[in-house]
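Engineer: Here you go, sequence then predicted model.
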Amino acid sequence: MLRKLLIALFGLGLVFGAAAADTVADAHAEMNGCESCHQDGSPSSDGAYENEQCVACHGGMAELEGEQHAAHADMLVCSDCHAVHDMEVGQKPTCDACHDDGRTP
């Protein structure tokens, strides 16, 4: 009896653990397939279309919350910080990915 309970709990842990590890791209693809971000479901050569899709759904840098967005408006595009195929849902990019020279707190 105890063994069955432990196996069931382990199985549930795997299911919920896998769901928590979804990437941002996985979450978007679940909504509308790869076409959520990619024209015809295929990546563009320069990423411009994909970044336009980010802005179309989430708004431009100046509109987003957090001073890091407004500070980088017209300098960066979404994919400069958000590697959606590598980042897990809820994971935030950090400043030190670019600012490793001690100029930022």
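Structural biologist: Looks like it arrived, so ask away.
Engineer: Please make it C-alpha for all contacts and neighbour counts, starting now.
Structural biologist: Will do.
Engineer: Flag every buried residue along stretch 86-97.
Structural biologist: Using 16 or more other Cα atoms under 10 Å as the test for burial, stretch 86-97 gives M87, E88, V89.
Engineer: the bottom helix or strand of the chain by mean pLDDT?
Structural biologist: Within the chain, confidence by mean pLDDT, DSSP states H and E is lowest for helix 2-20 among all helices and strands, at a mean of 54.
Engineer: Can you name the next helix or strand after that one?
Structural biologist: Proceeding N to C from helix 2-20, the next assigned helix or strand is helix 24-32, under DSSP states H and E.
Engineer: ok, and what's touching that following helix?
Structural biologist: The contact list for helix 24-32 (Cα atoms under 8 Å, 6 or more residues apart in numbering) reads C34, E35, S36, C37, V84, H85, D86, M87, E88, V89.
Engineer: any chance of those residues in CSV, plus distance to G66 and pLDDT?
Structural biologist: Below are the contacts of helix 24-32 laid out as CSV (distance: Cα to Cα, whole Å; pLDDT from 0 to 100):
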residue, distance to G66, pLDDT
C34, 28, 95
E35, 28, 94
S36, 24, 92
C37, 23, 96
V84, 19, 94
H85, 22, 95
D86, 22, 94
M87, 19, 93
E88, 19, 94
V89, 18, 92
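Engineer: could those residues go into TSV alongside secondary structure and distance to M75?
Structural biologist: Listed next are the contacts of helix 24-32 as TSV, based on DSSP: H, G, I helix; E, B strand; the rest coil; distance: Cα to Cα, whole Å:
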residue	secondary structure	distance to M75
C34	helix	27
E35	helix	26
S36	helix	24
C37	coil	21
V84	coil	19
H85	coil	22
D86	coil	22
M87	coil	22
E88	strand	25
V89	coil	25
